[in-house]
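> Sharing a sequence plus its predicted fold:
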Amino acid sequence: MDELWDRCSLALKESVSDAVWQMWLSKILPVDITGDNLTIGVPNSVVRTRINDRFLGLIRDAASAEAGQPLEVLLIIVDVDEAYEPLEETENPADIVPLPNSAPVQTSSSSRATGSVRLDPRFTFDSFVSASSNRLAFAAAQTVAETPGRSYNPLFIQGASGLGKTHLLHAIGNYVLENYPTHRVLYVTTETFLNDFVDAMRSRTTVAFKRHYRECDVLLIDDVQFMQNKEALQEELFHTYNTLHGAGKQIVLTSDRAPKSIETLEDRLRSRLLSGLLAEIDPPDLETRLAILRTKAMSDHIELPDDVGEFIATNVKDNIRELEGALTRVSAFAHLSNAPISLELAEMVLSDIGTEPKLITPDMILDAVAEAYGLSVEELVGPRRARPLVTARHVAMYLIRTLTDYSYPSIGKVFGGRDHSTCISAYEKISEQMKERRQLYEQVTALILQIKGSG
């Protein structure tokens, strides 16, 4: 086990920044490996929650690759100085968090409030730019967060990809946790909900699955449109809805289309989703786009001249993610060039954004990245973890997230079923490294220009 973990640790170090390694992953140790289960000890609930939110997929992928077989990972809270003592004398089943999906129902009130959520602390109501295009959704989200279960239940937020639906879900969850510390909040994507459901059916743990989803105080489900053509999953959501709604618990869902437009959605479930408030988010107008850029610049400590903000906001109109990505590209280039951000610099860096948008697919991105790094697409999406391969894979994940509407779970599927936390970490790592490494920045920028030109 020690040799396996040594190899696994080296692989993990190569996959994350030094700061992430020192703050989070250096604090964990292997406790036991039995069959296809690897048990890892963490020092406290804070570390466990962070790892469960962000890094479980990375750990599972690395451990499975080094072991030569698929491994599931269990996290337990232990004294890391005693991490190699026998498990049977130390563990409470309630402290075990299974991978790869959402955490189990906790027993104590303190753990119930924080142990089973995957919320990004950056996404709050304060960091959301409210405007006429999203004002109803924003106000409704604030209302359900302030009085969960008492107004707009369910709340259904509709809008195209990249307009802030997920931000509002996380903002609701973060507000509830801060102001209702005994409430149990559960945020999942529809894909995670499906994976949990399938796993429960296969492992015959449907009772635990139902208890997990039906004993929360606030249930937040992202991307409900992916439930179309999934009759069994729709039935499960229908019964989960009835249980929670009947108990006065809050339900919030998002989709890129209205319930009436989701094909093959069961009529009885459709009627439930339409029984509350439907709040639509429209693409932001110019003034809102400028406000979003200024908020992002302030958050990232970027000095953004007015004419540069206006140039970006005028040319990137429909997607907030792409809007913020354009600012990141300009800021990174200025930092690497040791030059101030100017309109001339922005026009050069973003010379591609004035062109007619073209349909970009993950396959196009995989082909371009594989060619640029001298790899095959099979190697890019496969299990090998040689360092050049990992870098190329992270770049491909970053580009798919930036240039397409794919969610993190959907990107994970493109790469052989990797956990969405692996994709989140890859996106964040490339975003940060582009600010420090000129070669990487130039590679990514060249790939963006190439991919947009070939669309």
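Great, that's in hand. It should be emphasised that the depicted structure is a prediction, and the values quoted were computed from it without experimental measurement.
> can you tell me which residues contact the residue lying closest to E231 once chain neighbours are set aside?
In space, and not counting its chain neighbours, E231 is closest to E266: 7.2 Å by CB to CB, 6 or more residues apart in numbering. Any C-beta I mention is one placed from the backbone N, CA and C, and that applies to glycine too. If a contact means CB atoms under 8 Å, 6 or more residues apart in numbering, then E266 has E231, Q234, E235, F238 as its contacts.
> quick one: which of the residues you listed has the most company?
Neighbour counts for these peak at Q234, which has 19 neighbours (criterion: other CB atoms under 10 Å).
> quick one: that residue is in a helix?
Yes - applying DSSP: H, G, I helix; E, B strand; the rest coil, one finds Q234 inside a helix.
> doesn't L269 make contact with it?
Yes - between Q234 and L269 there is a contact under CB atoms under 8 Å: 5.2 Å.
> okay, the contacts of E266 in JSON lines with pLDDT and distance to T192 next?
Shown next, in JSON lines, are these (pLDDT from 0 to 100; distance: CB to CB, whole Å):
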{"residue": "E231", "pLDDT": "87", "distance to T192": "19"}
{"residue": "Q234", "pLDDT": "91", "distance to T192": "16"}
{"residue": "E235", "pLDDT": "92", "distance to T192": "18"}
{"residue": "F238", "pLDDT": "94", "distance to T192": "18"}
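> Quickly name whichever of the residues you listed is closest to M348.
Closest approach between these and M348, by CB to CB: Q234, at 49.7 Å.
> Could you check how far the closest one is from T264?
8 Å (CB to CB, to the nearest Å).
> try S337
Taking CB to CB, one finds S337 at 52 Å from T264.
> ok, now F128?
32 Å.
> Compare those two and say which is more crowded by neighbours.
Taking other CB under 10 Å, F128 and T264 do not tie; F128 has more neighbours (20 against 10).
> in terms of contact, does that one touch F138 like I think?
Yes - contact criterion CB under 8 Å: F128 and F138 qualify, at 6.4 Å.
> Buried residues, stretch 125-135. List them.
Using 16 or more other CB atoms under 10 Å as the test for burial, stretch 125-135 gives F125, S127, F128, V129, S130, A131, S133, N134.
> The fifth one: what's it in contact with?
The neighbours of S130, taking CB under 8 Å, 6+ apart as the test, are F138.
> So for stretch 121-139, mean pLDDT?
Per-residue pLDDT over stretch 121-139 has a mean of 90.
> and that stretch, how far out from the chain's middle?
Here stretch 121-139 is found 18 Å from its chain centre; the criterion is CA atoms, centre = their mean, to the nearest Å.
> Just the CA trace of that stretch, in PDB.
C-alpha atoms of stretch 121-139 as PDB (Å, rounded to 0.1, in the frame of the first residue of the first chain):
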ATOM      1  CA  PRO A 121     -18.000  29.600  -2.100                       C
ATOM      2  CA  ARG A 122     -17.200  32.100  -4.900                       C
ATOM      3  CA  PHE A 123     -20.800  32.000  -6.100                       C
ATOM      4  CA  THR A 124     -22.800  34.200  -3.800                       C
ATOM      5  CA  PHE A 125     -25.600  36.700  -4.300                       C
ATOM      6  CA  ASP A 126     -23.100  39.500  -3.700                       C
ATOM      7  CA  SER A 127     -20.900  38.300  -6.600                       C
ATOM      8  CA  PHE A 128     -23.900  37.900  -9.000                       C
ATOM      9  CA  VAL A 129     -24.500  40.900 -11.200                       C
ATOM     10  CA  SER A 130     -28.300  41.600 -11.200                       C
ATOM     11  CA  ALA A 131     -29.900  43.400 -14.200                       C
ATOM     12  CA  SER A 132     -33.100  43.500 -16.100                       C
ATOM     13  CA  SER A 133     -32.100  40.300 -18.000                       C
ATOM     14  CA  ASN A 134     -32.000  38.200 -14.800                       C
ATOM     15  CA  ARG A 135     -33.800  40.300 -12.200                       C
ATOM     16  CA  LEU A 136     -36.800  38.000 -11.600                       C
ATOM     17  CA  ALA A 137     -34.500  34.900 -11.300                       C
ATOM     18  CA  PHE A 138     -32.200  36.800  -8.900                       C
ATOM     19  CA  ALA A 139     -35.000  38.100  -6.700                       C
END
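> that older thread, overlap in contacts, F128 and F138.
By CB under 8 Å, 6+ apart, F128 and F138 have these common neighbours: L168.
> which non-adjacent residue is nearest D222?
T189 (4.6 Å).
> Wait, the one you found touches P409, no?
Yes - T189 is in contact with P409 according to CB under 8 Å; the separation is 5.2 Å.
> Give me the common contacts of these two.
H420.
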